[in-house]
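Asks: the sequence and its predicted three-dimensional model are supplied below.
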Amino acid sequence: MDKIGFFRDLAVIFLCAKVMGLAAQKLKAPQVVGEILAGLLIGPSVFGWVGQSDFLSMMAEIGVILLMFGAGIETNMRDLLKTGPKALLVACIGVLVPLAGGTVLFSCFHGFGEIGSDKFLSALFIGTIMTATSVGITVQTLKELGRLKGHIGTLITSAAIIDDIIGIIVLTFVIGFKNPDSHPMDVVLHTGLFIVFSFGVGFATFYAFKLIDKRWPHQRRIPILGLALCMFMAYAAEKYFGIADITGAYVAGLILCSLHDSNYIARKIDISSYMMFGPVFFASIGIKTKLDGITPSLLVFSICFVLVALLSKIIGCGLTARLLRYSWRDSAKVGVGMMTRGEVALIVSQKGLSVGMMDSKYFTSVILLIIISSVTTPILLKLLYRGEPPEEDAETPVPAPEPADEAS
């Protein structure tokens, strides 16, 4: 990319994402569906107007981090504490069922290998890819539907965060079987240390923000400091503890969710997320999708891969919710809300390629899973919520005007 080429790419992304988002709304589908399809159209697979670049990848990463930060801020802490044990159980079963399903699927196509063999480890790794849940798309869909703060929305968000942590632990254990130099128990230790770190930072930061909020209520310095906390927690989580950066961003939001001005912070952050970083994130999913080089055998495997990945999440998470005495409809919402795959699945796949546990041709299957789950999940969630009374006021993308005399 030349020095100013990214301006053109951003212009194309913003325009096409908005047009396709409005078209999706006209068809009674969430905007994120249109934004993802816009990325597919302008990406290398169709028109080729926009290609992948480090700049767009970083913009997309900021987009999902802001989404998770906003989800954390808008979380009702009381509901989170109530759903915590339930979310843990949903996440555990939601990891176990796809892990087993993916392992069996690969073995059915390529034969069952002995435990510990390369064939068995490759099958186990395919199952590991299926464990990852991408909560960013589900969060944005629930926001558009006005359901993010509801009991089911909180359960889905909490379970997805726990799901990613468990998935990272599973990934490290699987790689540990392949690489004798790897120490899987280190990840368990790092996860525990991150929890302790989050409590320590959270306790001190919350009271600092509470004093600032009391001294300078409803002023722009508060969301600016909140954004700094978000970026610091995202960095610290991945840099020092090996935890996904989106988990750190979500924790940062949780730290601030009980502030008096939490809604004010969320509205300010939503400006950047809605107008710039969010569309880039969702469009980037489509841009990364490459539909060339698909052979008949790979196509059959990819179709089965997608079906098993989606159904295993719906069955694992949905039936667990049903066992927890949720209604069949609410259980279906939990299962569908947990079936999206995105950046975490890509990270896991790339890690598998780098250590030789996955053939590069299966990356096409992962991309198809991401695009299909990203498009179908918002549509199915909207259908499942149809006709129900609102749990909360729907989120408005553009915040209300602030007082003219607001200080910075």
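Replies: Nice, I can see it. Numbering: from 1, shown residues only.

Asks: only C-alpha atoms for contact and neighbour calcs from this point on.
Replies: Will do.

Asks: low-confidence ranges, the stretch 251-400 of the chain, go.
Replies: 293, 343-344, 346-347, 350, 354, 390-400 (pLDDT under 70).

Asks: kindly recompute the last result at 80.
Replies: Regions of the stretch 251-400 of the chain meeting the criterion pLDDT under 80 cover residues 288-294, 342-357, 359-361, 363-364, 367, 387-400.

Asks: what are the ranges of the helices in it?
Replies: 262-272, 278-287, 296-323, 328-337, 343-355, 363-385 (DSSP state H, counting those that start in this stretch).

Asks: and those helices: which comes nearest A234?
Replies: helix 343-355 (14.4 Å; CA to CA).

Asks: what does stretch 232-245 rub up against?
Replies: 65, 164-165, 168, 187, 190-191, 193-194, 246-249, 251-252 (CA atoms under 8 Å, 6 or more residues apart in numbering).

Asks: G226 versus the nearest residue to V19 once chain neighbours are set aside, what's the distance?
Replies: Distances taken as CA to CA, 6 or more residues apart in numbering place G34 nearest to V19, at 8.0 Å, with adjacent residues excluded. For G34, the distance to G226 (CA to CA, to the nearest Å) stands at 30 Å.

Asks: and these two? which has more neighbours close in?
Replies: The neighbour count for G34 versus G226, taken as other CA atoms under 10 Å, is higher for G34 (26 against 23).

Asks: quick check: which element contains that one?
Replies: helix 31-42 (DSSP states H and E).

Asks: so what does that helix touch, helix or strand wise?
Replies: Other elements packing on helix 31-42 under the criterion 3 or more CA pairs under 8 Å, 6 or more residues apart in numbering; DSSP states H and E are helix 5-26, helix 135-145, helix 278-287, helix 363-385.

Asks: can you name the residues in contact with the next helix or strand after it?
Replies: For helix 31-42, the succeeding helix or strand toward the C-terminus, using DSSP H and E, is helix 54-73. Helix 54-73 is contacted from outside by 6, 136, 139-140, 148, 157, 230, 234, 245-247, 249-258, 262-263, 266, 269-270, 273, 276-282, 284, using CA under 8 Å, 6+ apart.

Asks: got it, and stretch 309-327?
Replies: Outside stretch 309-327, the residues that reach it (CA under 8 Å, 6+ apart) are 86, 89-91, 93-98, 101-102, 130, 328, 330-336, 338-340, 369, 373.

Asks: let me see the mean pLDDT of stretch 206-218.
Replies: Here stretch 206-218 scores 88 as its mean pLDDT.

Asks: quick one: that stretch to chain centroid distance?
Replies: 30 Å (CA atoms, centre = their mean, to the nearest Å).

Asks: kindly report the same for stretch 108-122.
Replies: Counting by CA atoms, centre = their mean, stretch 108-122 comes out at 30 Å from the chain centroid.

Asks: mind listing what's buried in it?
Replies: 112, 119-122 (16 or more other CA atoms under 10 Å).

Asks: gap between the two ends of stretch 271-278?
Replies: 10 Å.

Asks: please renumber so the chain begins at 726
Replies: Noted, 726 is the first residue going forward, which turns the last one into stretch 996-1003.

Asks: list the buried ones in that stretch?
Replies: Quick answer for stretch 996-1003 (16+ other CA under 10 Å): 998-999, 1001-1003.

Asks: farthest pair within the residues you listed?
Replies: Once CA to CA is applied, those give Y999 and F1002 as the farthest pair, at 6.8 Å.

Asks: closest one to V775 among the helices of the stretch 976-1125 of the chain?
Replies: So among those, helix 1003-1012 is nearest, using CA to CA, at 7.3 Å.

Asks: out of the helices of the stretch 976-1125 of the chain, which gets nearest to R803?
Replies: Of all the helices of the stretch 976-1125 of the chain, helix 987-997 comes closest under CA to CA, at 14.9 Å.

Asks: next, the angle from that closest one to helix 779-798.
Replies: Relative orientation of helix 987-997 versus helix 779-798 (axes from the mean of the first three to the mean of the last three CA atoms, to 10 degrees): 160 degrees.

Asks: report the distance from helix 987-997 to the chain centre.
Replies: Counting by CA atoms, centre = their mean, helix 987-997 comes out at 19 Å from the chain centroid.

Asks: now do stretch 949-968: distance to the chain's middle.
Replies: The answer for stretch 949-968 is 16 Å, by CA atoms, centre = their mean.

Asks: let me fix that: stretch 973-982
Replies: Taking mean C-alpha positions (CA atoms, centre = their mean), stretch 973-982 and its chain are 15 Å apart.

Asks: and the longest helix for this structure?
Replies: helix 802-835 (DSSP state H).

Asks: quick one, that helix and helix 1021-1048 angle?
Replies: Using the same axes, to 10 degrees: helix 802-835 against helix 1021-1048 is 140 degrees.

Asks: next SSE after helix 802-835?
Replies: Downstream of helix 802-835 (by DSSP H and E), the next one is helix 843-856.

Asks: and the angle from that next one to helix 802-835?
Replies: 150 degrees.

Asks: and helix 843-856, C-alpha only, in PDB?
Replies: C-alpha atoms of helix 843-856 as PDB (Å, rounded to 0.1, in the frame of the first residue of the first chain):
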ATOM      1  CA  ASP A 843       0.300 -36.700  14.500                       C
ATOM      2  CA  LYS A 844      -3.000 -37.700  12.900                       C
ATOM      3  CA  PHE A 845      -4.700 -37.700  16.300                       C
ATOM      4  CA  LEU A 846      -3.200 -34.300  17.200                       C
ATOM      5  CA  SER A 847      -4.300 -32.800  13.800                       C
ATOM      6  CA  ALA A 848      -7.800 -34.000  14.500                       C
ATOM      7  CA  LEU A 849      -7.700 -32.600  18.000                       C
ATOM      8  CA  PHE A 850      -6.500 -29.300  16.700                       C
ATOM      9  CA  ILE A 851      -9.400 -29.100  14.300                       C
ATOM     10  CA  GLY A 852     -11.700 -29.500  17.300                       C
ATOM     11  CA  THR A 853      -9.700 -26.800  19.100                       C
ATOM     12  CA  ILE A 854     -10.400 -24.300  16.400                       C
ATOM     13  CA  MET A 855     -14.200 -25.000  16.800                       C
ATOM     14  CA  THR A 856     -14.000 -24.100  20.500                       C
END
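
Asks: sweet, I'm off.
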